[in-house]
Every structure is written in structure tokens, then in C-alpha cells.
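Student: Quick one, fold the following:
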Amino acid sequence: MFLSILVLALLGTPTSPQTPAPQPGPGPAMLQPLLLGPPKLLSKEILDGGFNNIDAGVLVEFGPQGRRYEVWEVQKNVSMNHALVLAHDASGSELWRTKFTWQQDPWFKPLASTVDAAGDLYFMYLANAYDLYRWRIVKVTAAGVVAWDKTLHSTTWGREPTFLAPHPQGGVVVHSAAEGKVRDLYTARVTADGNVLWQQKFDAGGKNQYPGGLAVAADGSIYVAGDDDDTHVLKYAADGALVWQRDHPGGAYGYMRTRHVFLASDDNLVVAGSTYAGGADPDWYFVDKYTPAGVRLRSLVTELSDGTKLADDGLRSVYATHAPDDTVYFAWDHDNTLASKWTVARVDVPPEPQLRATPRPAMQPAPALRKTMRVAWQNTFHSERGMSVEKLVWFPHGALGVFGRGHHTIKPNTYRADTRLVALKPNGDDLGMIDFTSPGNFDNEPQAYAVDARGIAHVLGWQYYSGDGWNDENVMRLRFTLSPL
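Tutor: The predicted structure follows:
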């Protein structure tokens, strides 16, 4: 699995790395304090898409009143036949399922999803024919009707990450990459009826750009970040006008990669990422904080002193998310295996209450760059906790969840892949690990994650028979929680 520049996915929220999708209203479960304990597996389901061929759960989102949406890939024989979109109420009962069949080129892979304030689901996927990739966006209404399906643009490559977030003035914002001078950053607003209100491309020096994160403010402003070995942070107005651009060269730090973007509780923008220096030179991870006017308030760059490389190499990558108190968490793999050592670190990001929504007089100098962020702790896991990190999530109990893929032994020198969750307290204390292992000769792989307001993590993926690529591959649906002590 290639993960180039995250950004999280969730990145700070259970459903979206950038801007929270609408969450359930207060109910009995939300009014009670959430107790913290070791992670446990609440339920497991292995589900067939209908043809007894290859099926996988690939997207999951939450909407109003705790409604859960899922998107499945369904194959017939050796090719994709359709996608299934399912809706469940807060109790888990299925409300409806809708068959989605593409209008043009066949489905190649899912990209991203989000839910708007009306409870409508939007998702993007790549369609592919003869190495031409169409970047398509779909809207499915809260009633289960496919409202529209359209192509935003086409490329000759198709592996860059994509981010979706609802816009407060309606519709959604897309951030990805598109053909331009070379590979440009692409940002667009799409209305609820499927019209592209505007789209912007960004190039820096004719280099390939890689999207790294998206955040949408309450006033409709749009922040995006990406990199081309240097980092670029852009702010667009709701009408698509470029408000400001901030560029930071990698220089002595090496190749910079943006991993996570979010709006902090003090209304300022936080950008987190990592660097790769190559060779024996040390790698770094960084956190920058900007005001809405584009002034960089705080900056932290921390060197890895143990020789670990922060690379994107097969299963190996770097991940980040944040907690409600704006604390940033990083995790990274040490190698490219399912038994990898991995490290998680916490960076404290202080608030700027005196700057919240307060315009600075024209003659007043910009605030000096502050470097008071700090690495609170850093822990490394290995041996029976070894795994390939896949996703960081935040549990409303007040704990970090690290999902990954590990492996277990079924006989000497024979292993099968499994899904794992390690939970950590904000102070770094280990709450324990739980894993889901498929029976016998089956592997499993998680692909999509979301945490609901009750503190239940929902994981979609697939279970497949080792050595058999055509039958017995089914959707995997798991539910985890942090059980009371």
C-alpha cells in the first residue's frame, strides 16, 4: 500500500482528516462519560457482495443522528461489476442499500468520502481505461438515490491522495492533483447539484506536486497544503480567490512531506509533516502554526536521532492526526513489513487565545515566530506489538488509537495478515492491543476507518483466501471500543 502524503484521513476527526462531517446529536450515550479501558473487539462480520467473488469495504462515514454510510466494491468473475452504498441507523440496522454502476470507464479504486449537513454522501473514485484515469465524484442522497456522477478531470497517472470536506455554503471541497504544467495541486468547489463552482491549479517551478491536506473554516475559507520536496500552504477564499501562499524549502532537512492539516481550537491553521534526507542523514518531523492571515506563529522541527528513516516505501509511511486539544500525534513504520517496529510521538501545540479572530492593525508588526511547541513523549513498539501502521484515530474517551496490519503464525514459517488496534492514553501510557485474525488460511486487510460519538471504531476491509484470488474474498466489517476498566 502506497501512502504518499497524508493527511489524514481522519486527521483529527473520526470521519475526515480535515473538516468534521456532521456528528450525531446528543443522546443517552453522549450524555454519559466515556470510560477508558483496554481495546476490545465488539463484533466481526464477513459479508458477501452477491456474486461469491472478490468484495471489499472501502469507505465509511458518519452523518447526522449517528447514521453510518459504507461503500463496497463488488466484483463479478474477474472484474468490478458495481459498488454498493449502504446506510445504517445509529443502532446498526440497515436502512437501505443502493447499487451504483458507473456511467463511463470502469471503477479502478476509491479515493475519499464525506457527508454534508443534509446527510448526503459524496465520494470520489478513479475510473480507468487504457491508462487514462478519470477523477469522478458521486452524490448519494440521504434517501439512497444516486443524484449525480461526474468527471472532474483526467490524468495519465492515478495514485495521489484525495481529500473531501463539506463546505459551509453548501456542496463540497475537493483537494487532489491534476494535469497542469506537470502534476499540479488541484482544489475545487462542487455545489450540491453537481456543478463545479470553481477550480484552481497550483504549480511551483514546474515540479510534480503532491496533495497533503485540506481544512475548511466556518467562514468558507479553504486551506490546502502539499509538497514537491518543499512544502506549500495555500489559502483560498470561498469564491476561489487565492488569499495567500506560504512556501518553505526543505533545504538541509531534505524532502518535505505534508501529512496532516487542521484548524486548531484558536482558529489558526496547523500543518504537520515529515522530511526524508536520504542516505545516512537524519530525518525530521515538523509542525507549523499559521494565523488566518498567513503569519507563521510557531514552528517545531524535531530530528530523529535513532537512524530511523521517515520514508514512503510500500507498507512503510508516516501518519498524523490531532486531538480536540490540538495535540498532534505522529506515527511511523521502521521498515516495510507486517512485523515492523513503529514509533508514536506526541507534540503539544499551545493555543493563541489573544489572537483569536482579532484583526491586527495595519501598522502593528507581525508577531514573532514562536518555538514553544514541544515533543511531550515518544514510544516505540516491536515484537508482539510489531505491525505496519495504517491509520491514527482519536477516541472520544480521550485516547489515541493506532490501527495497523500485523501477522500471525499458522504453522512454522507460514504467516497470515491480521488487523490490529493499539490504544494509548494522552500521556503515552499503553492501554493494550487487540487484533482480529481470520480463521485458517485466510488473511484480512483493513481499508477504511471511522469512530462514532459513542467511541466505537468501525473498520471496513476485506478477508481473502491466501493463494486464491477469485473466490471467498468478502467484505470485512469490524467494531472496536475501549472497554471500561
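Student: In the stretch 301-450 of the chain, where is pLDDT below threshold?
Tutor: The stretch 301-450 of the chain contains residues with pLDDT under 70 at 353-371.
Student: would you list every one of the strands in it?
Tutor: Using DSSP state E, counting those that start in this stretch, the strands of the stretch 301-450 of the chain run over residues 318-322, 328-333, 342-348, 374-381, 388-395, 399-411, 414-424, 430-436, 442-451.
Student: So which residues of the stretch 1-150 of the chain form helices?
Tutor: Secondary structure of the stretch 1-150 of the chain (DSSP state H, counting those that start in this stretch): helices located at 28-31.
Student: need the strands of the stretch 301-450 of the chain in JSON lines with mean neighbour count, can you?
Tutor: All C-beta atoms are positioned from the backbone trio N, CA, C, and that covers glycine. Shown next, in JSON lines, are the strands of the stretch 301-450 of the chain (neighbours: other Cβ atoms under 10 Å):
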{"stretch": "strand 318-322", "mean neighbour count": "28"}
{"stretch": "strand 328-333", "mean neighbour count": "26"}
{"stretch": "strand 342-348", "mean neighbour count": "21"}
{"stretch": "strand 374-381", "mean neighbour count": "15"}
{"stretch": "strand 388-395", "mean neighbour count": "24"}
{"stretch": "strand 399-411", "mean neighbour count": "19"}
{"stretch": "strand 414-424", "mean neighbour count": "22"}
{"stretch": "strand 430-436", "mean neighbour count": "18"}
{"stretch": "strand 442-451", "mean neighbour count": "22"}
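Student: A142 is nearest to which of those?
Tutor: When the strands of the stretch 301-450 of the chain are compared by Cβ to Cβ, strand 442-451 sits nearest A142, at 17.0 Å.
Student: Following element in sequence after the closest one, please.
Tutor: strand 457-465 (DSSP states H and E).
Student: what's the model's confidence in the next helix or strand after that next one, averaged?
Tutor: Downstream of strand 457-465, the first helix or strand assigned by DSSP H and E is strand 474-482. Average pLDDT, strand 474-482: 97.
Student: Please identify the buried residues of stretch 51-71?
Tutor: Under the neighbour-count criterion of 16 or more other Cβ atoms under 10 Å, stretch 51-71 has 53-64, 66-71 buried.
Student: quick one on the thing from earlier: need the strands of the stretch 301-450 of the chain in TSV with distance to L214, can you?
Tutor: Formatted as TSV, those follow (distance: least, Cβ to Cβ, whole Å):
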stretch	distance to L214
strand 318-322	14
strand 328-333	17
strand 342-348	21
strand 374-381	26
strand 388-395	17
strand 399-411	21
strand 414-424	26
strand 430-436	30
strand 442-451	17
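Student: Could you work out which of the ones you listed reaches nearest to H175?
Tutor: Here strand 318-322 is closest among these (Cβ to Cβ), at 16.4 Å.
Student: now the closest one against strand 388-395, angle please.
Tutor: Strand 318-322 runs at 0 degrees relative to strand 388-395, counting by axes from the mean of the first three to the mean of the last three Cα atoms, to 10 degrees.
Student: So what are the sheet partners of strand 318-322 and their directions?
Tutor: Next to strand 318-322 in the sheet, as set by DSSP bridges, lie strand 328-333 (antiparallel).
Student: Other residues contacting the strand it pairs with?
Tutor: 259-260, 270, 272, 274, 285, 287, 308, 310, 315-323, 340-347, 349, 388-389, 392, 400, 402 (Cβ atoms under 8 Å, 6 or more residues apart in numbering).
Student: what about 6 Å?
Tutor: With Cβ atoms under 6 Å, 6 or more residues apart in numbering as the test, strand 328-333 has contacts from 272, 285, 287, 310, 316, 318-322, 340, 342-347, 349, 388-389, 392, 400, 402.
Student: Give the buried residues for stretch 284-293.
Tutor: Within stretch 284-293, the residues scored as buried using 16+ other Cβ under 10 Å are 284-292.
Student: Could you check how far W135 is from F51?
Tutor: 27 Å (Cβ to Cβ, to the nearest Å).
Student: What of Q200?
Tutor: Distance from Q200 to F51, by Cβ to Cβ: 41 Å.
Student: Of all the strands of the stretch 301-450 of the chain, which one is nearest V140?
Tutor: strand 442-451 (15.9 Å).
Student: Report all helices and strands that the closest one contacts.
Tutor: When contacts are defined as 3 or more Cβ pairs under 6 Å, 6 or more residues apart in numbering; DSSP states H and E, strand 442-451 sits against strand 55-62, strand 388-395, strand 414-424, strand 457-465.
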